[in-house]
Each structure stands twice: as C-alpha cells, then as structure tokens.
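Asker: below are the sequence and a predicted model; questions follow.
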Amino acid sequence: MSMLGKYGNRRRTALKTIGAGVVILASPGGGAQVSPGRMSLFTGTLHFGNVIVAEEKGFFAKEGLSVEITSFSTGTAASDAFQAGRGNTIASGDQPALRLWIRGAAVGVCPAASYGHISVVVARKGVNSPADLRGKKIGVLLGSTSDYFARMYLASGNVDAKQVDLINLQAAEMVTGIVRGDIDAFIGFQPFGTRAVQASSELHIVTTGEKYFTEWLMTSTTPEYARTNQAELTKYVRGLHAASIWCMQNREETAQIVARHFKLDLQTVKETIDPINWTVAYTPKFRSDMERMSEFLKLKLDWDKMFDARALRNVDPALAS
C-alpha cells in the first residue's frame, strides 16, 4: 500500500486485470490543472519502480512537491487517458511518448529507465523464429512499444507484418488468449511472459527484446504545463533523479516496495525489475535509440520542439549531455 497519504492526496479504485493478478489503479477524475507544488502523474505498472519509490520514500516530498500518481495497466493506457486531458504529466514507454510528441500533445521532460530484457516473444513450442510466425495470430498492444518490437522482430526475419494476423490485446488478455488457444503467440512484456509459460507447458519464451533494441521509459508533460510549471518539473526531476540513484543502490528494497505497492509476489517483481537501469540522463544513447525508433516507424522526430530539457539542466547540466 502506498504511503502517499503521508505526502499528498490520492484517489484511486483498484481493479484486477483478467487472469494476471496485476493491480490497475484508475483515478476518477484527475484534471489537467493543479495548484503550484502539486502534480498529477499517470504511469504504467511495476516497470516504473523509481517513480513509486520517489513517492513512497519521500524523494518528491523532500523537494516540496506533492505528486498524485495514477497507475494504469500499461503506459499506452496511461497515454490514452493523458490525451483525454485528464493529467498534466505522464511516465510512459518510448513509443507512446513518441506518438504524443508527434501529435503535439506532449513534450519530453526526462528519461526514467532503460532495459532490453522485459519485452518478450511468447509462442507455442515449435515457433523459434520470425519465419515460424507467418500466417499466425499474434497478440500485441497496438501503439505500444511492444508493437514496435513486434514489427522489428518480424522484419529481422524478413517477415512483413501483413503476413501475420496482429490482434490488438491488453497484456492480461494475451495470457488468457494464448493459454486457451485463441492466439498462437504474443509479443508483450514481463511479467506476462512468465505468467503464460507458468500457465501452460506448451508455451515458451522465444526471445527477449535485448537482442533487438533498448526500451526507454520517460516522463512527458503537456506543452502548457512545460511553459508554466518549470519549478514543479525541476522538483520532479530532482526527486526522480535521487530516487533512481537510490533504486540502483537498493535493488532488494526497491523490489519490496514495488511488490507491495502493486500487490505482486516479490520473486516476479525482482526478476522483472532487477536488471533495469534507472536513470534520468538525457544522453546521446537515449536520443539515438529514439531516432532509430522514429525512423523505423516513419515518424519525424524534432528534438528542439519535442523535448524540453530545462528541468534536467536546472538540476544538473551534466544530466543533459
């Protein structure tokens, strides 16, 4: 259970995702405008561990910032709510963030984490390569980073996305669907890959995303909030930076906090988040990975218009190299 009540107000309703045991936290309102010293933040689930730690360990509160966090089943779901005007700040994966930037609905503020192992291809035994997926039904959350990984993975084996049947599913639905035979494979993220394999001995994890790309999590905000709330964004970045350093140095306690917050078993959380690189640094590596994604998706990325690094530079110019 979160300790946000100690630092600020949170309104939330807990629901269980179908067959996955992952808690989705949905706010019944939110609103894009908040008072000075306050921020509403939409996030995905356990992958955003440093955000949860920043709240629960008081790193945001130390900066004089009250953050109302609403957690969704995925960063894509958070992105959909954000676009509806319900929040002013969002922590999401890279593809949802890029699409927000392209639409002018948001600008980047800072990275949050990077990793490659969490994205997974799950299929029935006998499927071992992209070529084996031709003509198959594949679950994927369209518009998510998993969607990007799916298309990249298929392309690595000269398989066109038109040669498979991509079915738009939420992560928990993928587990249910593949176990009962509605789909032949899914491309998603942990811990759902592990849950599927545990549910059926006929399934295996074909590969992780580590061989194909580095996935990034990041914080974005509305252009208006960036114009008028640099003080709050600077406090947010400073708090998240301190929390990220703490997470890297205290992985066991980080896993415990995340497991307790999302009501997940500790071992699953540890396996999922232990290899994550928690960082807010706006680096050449981050930019090159985002540029590679934008080129693959045929989207035009303009850093001068789509990323506002002022808060990072306010905290430490070295964070915006």
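Answerer: Cool, the structure landed.
Asker: and the nearest residue to residue 210 once chain neighbours are set aside, how many neighbours?
Answerer: Leaving out its chain neighbours, the residue that sits closest to residue 210 by CB to CB, 6 or more residues apart in numbering is residue 116, at 3.4 Å. Bear in mind the C-beta positions are built from the backbone N, C-alpha and C, glycine included. When neighbours are defined as other CB atoms under 10 Å, residue 116 has 17 of them.
Asker: and residue 317, by the same measure?
Answerer: Residue 317 is flanked by 10 other residues according to other CB under 10 Å.
Asker: what pLDDT does the model give residue 27?
Answerer: Reported pLDDT at residue 27 in the predicted model: 34.
Asker: residue at max distance from the center of the chain?
Answerer: residue 126 (30.2 Å; CA atoms, centre = their mean).
Asker: measure it to residue 206 for me?
Answerer: Taking CB to CB, to the nearest Å as the measure, residue 126 and residue 206 are separated by 10 Å.
Asker: wait, what's in contact with the closest residue to residue 274 other than its chain neighbours?
Answerer: Sequence neighbours aside, residue 251 is the residue nearest to residue 274 in space, at 5.6 Å (criterion: CB to CB, 6+ apart). When contacts are counted by CB atoms under 8 Å, 6 or more residues apart in numbering, residue 251 touches 270, 273-274.
Asker: ditto for residue 252
Answerer: By CB under 8 Å, 6+ apart, the neighbours of residue 252 are residue 270.
Asker: now it: which helix or strand?
Answerer: Using DSSP states H and E, residue 252 maps to helix 251-262.
Asker: angle of the helix or strand following that helix against helix 251-262?
Answerer: Of the helices and strands lying after helix 251-262 in sequence (DSSP H and E), the nearest is helix 266-273. Using axes from the mean of the first three to the mean of the last three CA atoms, to 10 degrees, the direction of helix 266-273 lies 110 degrees away from that of helix 251-262.
Asker: now for helix 266-273, which elements pack on it?
Answerer: helix 251-262 (3 or more CB pairs under 8 Å, 6 or more residues apart in numbering; DSSP states H and E).
Asker: excluding its backbone neighbours, what's nearest the residue farthest from the centre of the chain?
Answerer: Computed as CB to CB, 6+ apart, the closest residue to residue 126 that is not its neighbour in sequence is residue 132, at 7.1 Å.
Asker: against residue 80, how distant is the residue nearest to residue 274?
Answerer: Distance from residue 251 to residue 80, by CB to CB: 31 Å.
Asker: I'd say residue 123 and residue 133 touch.
Answerer: Yes - between residue 123 and residue 133 a contact is recorded at 7.2 Å, counting by CB atoms under 8 Å.
Asker: any common contacting residues for these two?
Answerer: In contact with both residue 123 and residue 133: 184-185, using CB under 8 Å, 6+ apart.
Asker: ranking by neighbours, what's the top pick from the contacts of residue 251?
Answerer: Going by other CB under 10 Å, residue 273 tops those with 25 neighbours.
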